[in-house]
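Participant: Got a predicted structure plus its sequence, pasted below:
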Amino acid sequence: MLFFYFYLISFSLIGYGLVASKIFKINIYNFGFLGLLGISLISIFAFVSALFLKHGYFFNISIILCGLIFFVLYFKKIINLKKELINYFLIFSILSIFIIIGKNHDDFPYYHFPYISILTEFSHPIGLGQLNNGFRNPSSIFFISSLFYLPKVSYYLFHITPAFILGFSNLVLLNNIFDKKIFEKKKIINFLSLITFIFINIFFYRLAEHGTDRSGQILVIINTILILCIINNPLDNLEFKNNDIIKFLSINLCLLASIKPFFLIYFLFFSIFFFFKHTKIILIQLFLSRTFVFCLLIIFFTIFYTFINSGCLIYPATLTCFDNLSWSLPIDHIKDVRIWYELWSKGGATPLFVVDNRIEYI
C-alpha cells in the first residue's frame, strides 16, 4: 500500500503541475518541472486549508484525487509521454527503495513528526513556538507532508516529501543531460547537469540526511543551472524559452524560501538578470503576471505561519519580532537562540561539544 500511494501521489503532483503550467502559461511539459510546480501549488492549498480544518483522511483523499483527475485531463499536453514515463519509472523505482531502507532524519521525531501530526488532528493553532523551538520556523514540507495522511498507511508517509523533491529534481537534470538542442548550443549545461545528477545521488542518497536542508540545497543547485540556461540563451534558441524558465525559476525560488527562511538570501539571484538586456525585460513583465502574485502568496504564508508561531516575521531575527503579543517569545530568549544558531553553523557546537566563550568564538 505504501508503494501504491507513493506512485499515486507522484502522478497527482504532476497533475497539479499541469494545472499550474496552464494557469501561469509555462510551456514546460517535462515530468520533473511539472512535479516541482505541483509541489508548489499544493503547498498553497495546504497553507490555506490548515487555517480552517485539519488534514484528515477525507480532505487528503480529495486533494490527491483532484490531482489525478487533472493528470488524466491534461496529460496529452506532454509531448513525449513515453520517454517521460520511462525516466519517471527509472527514478521513482529507485526512490521507492530509498524511502524504506533508511531511518528518518534525526530531527524527525523532535519536531518534524509532531508538527505534521498536529496538522492532521487540528486546524493550525496560534503560539506553537511556545511548545518546541523547532515549531518556530515552520516549513512548507511539513504542510505538504500533512496531506499524505491517508487510509491504511496513516502517518507512514510523513517523511516522503523530500523524496518527491529529489525525484523530480533528478528528472529535471535528466532532461538537461539528454537534450540535444542544449548540447548543440551550450554543452556546459549538459555536463553541469550530469555532474549535479551524480553529485546529489551520491552525497544525498541517505534519507537520514533529508530533513529540510537537503531539499533546499537540491533546489538551489537546480535553480543555479536554470539561471545559467537563461543568461546564456539570449535568442530563445533552446527548447524552453526564457520567459517560461524565469517563471518556473521564480516559483521554485519561492518554494525554496518556504522550506526554510534562511533560503530567502537566494532571491539575490534575481539581481543577475538586471545585467542582461534579454532577461531584464522578461523580469519586468514578471512583476505584472499571475506568477508574481502566486510567489507573493507562498512568501506571505511562510512569514504568516512563522509569525503566529513565534511572534517574529523571520525567526530568530530580533528586528522582525514583536514582544507585546500573547504568544510572543521573550526577546532575550530569541537573542540566545540566534547566538546558538550562529554557533552551531560555525562549528562551535556539536551534540558532544560546545565552546566556552560563544560570542568570542562567533
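Facilitator: Cool, got the structure.

Participant: Neighbours of residue 319, how many?
Facilitator: Close neighbours of residue 319, defined as other CB atoms under 10 Å, add up to 7. Bear in mind the C-beta positions are built from the backbone N, C-alpha and C, glycine included.

Participant: Read off the pLDDT value for it.
Facilitator: pLDDT, residue 319: 88.

Participant: Does anything pack onto the helix or strand hosting residue 297? Which helices or strands?
Facilitator: When secondary structure is defined by DSSP states H and E, residue 297 falls within helix 290-310. Helices and strands touching helix 290-310, by 3 or more CB pairs under 8 Å, 6 or more residues apart in numbering; DSSP states H and E, are helix 31-50, helix 242-259.

Participant: and residue 112, which of these is closest to it?
Facilitator: When the helices and strands packed on helix 290-310 are compared by CB to CB, helix 242-259 sits nearest residue 112, at 12.3 Å.

Participant: and that closest one, C-alpha only, in CSV?
Facilitator: The C-alpha trace of helix 242-259 is given here as CSV (Å, rounded to 0.1, in the frame of the first residue of the first chain):
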residue,chain,number,x,y,z
ASN,A,242,13.5,32.3,-21.3
ASN,A,243,10.1,33.6,-20.1
ASP,A,244,9.0,30.1,-19.3
ILE,A,245,12.2,29.3,-17.4
ILE,A,246,12.1,32.6,-15.5
LYS,A,247,8.5,31.9,-14.4
PHE,A,248,9.4,28.4,-13.2
LEU,A,249,12.6,29.7,-11.5
SER,A,250,10.6,32.4,-9.7
ILE,A,251,8.1,29.8,-8.3
ASN,A,252,11.0,27.4,-7.5
LEU,A,253,12.8,30.1,-5.5
CYS,A,254,9.6,30.9,-3.5
LEU,A,255,9.2,27.2,-2.8
LEU,A,256,12.8,27.2,-1.7
ALA,A,257,12.3,30.1,0.7
SER,A,258,9.2,28.4,2.1
ILE,A,259,11.3,25.4,3.1
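
Participant: could the helices and strands packed on helix 290-310 go into TSV alongside mean neighbour count, mean pLDDT and distance to residue 123?
Facilitator: What follows is the helices and strands packed on helix 290-310, written out as TSV (neighbours: other CB atoms under 10 Å; pLDDT from 0 to 100; distance: least, CB to CB, whole Å):
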stretch	mean neighbour count	mean pLDDT	distance to residue 123
helix 31-50	24	95	7
helix 242-259	24	88	20
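
Participant: for these, which one sits closest to residue 205?
Facilitator: Nearest of those to residue 205, taken as CB to CB: helix 31-50 at 17.9 Å.

Participant: that older thread, so which of the helices and strands packed on helix 290-310 gets nearest residue 108?
Facilitator: Comparison of those against residue 108 by CB to CB identifies helix 242-259 as nearest, at 15.2 Å.

Participant: Give me the mean pLDDT for the following helix or strand past the closest one.
Facilitator: Per DSSP H and E, the first helix or strand lying C-terminal to helix 242-259 is helix 269-273. Mean pLDDT, helix 269-273: 75.

Participant: sorry, back to before: just the angle between the helix holding residue 297 and helix 31-50, please?
Facilitator: 50 degrees (axes from the mean of the first three to the mean of the last three CA atoms, to 10 degrees).

Participant: about what we covered before: residue 119 is nearest to which of the helices and strands packed on helix 290-310?
Facilitator: Among the helices and strands packed on helix 290-310, helix 31-50 sits nearest to residue 119 (CB to CB), with 5.7 Å.

Participant: how about that closest one as CSV, C-alpha atoms only?
Facilitator: Only the C-alpha atoms of helix 31-50 are listed here, as CSV (Å, rounded to 0.1, in the frame of the first residue of the first chain):
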residue,chain,number,x,y,z
PHE,A,31,7.7,15.5,-15.5
GLY,A,32,10.4,17.0,-13.4
PHE,A,33,9.4,20.6,-13.9
LEU,A,34,5.7,19.7,-13.6
GLY,A,35,6.3,17.8,-10.4
LEU,A,36,8.1,20.7,-8.7
LEU,A,37,5.3,23.1,-10.0
GLY,A,38,2.7,20.7,-8.5
ILE,A,39,4.5,20.7,-5.1
SER,A,40,4.5,24.5,-5.1
LEU,A,41,0.8,24.6,-6.0
ILE,A,42,-0.4,22.1,-3.3
SER,A,43,1.8,23.9,-0.7
ILE,A,44,-0.6,26.9,-1.1
PHE,A,45,-3.6,24.5,-0.7
ALA,A,46,-2.0,23.1,2.4
PHE,A,47,-1.2,26.6,3.8
VAL,A,48,-4.7,28.0,3.3
SER,A,49,-6.7,24.9,4.4
ALA,A,50,-4.6,24.4,7.6
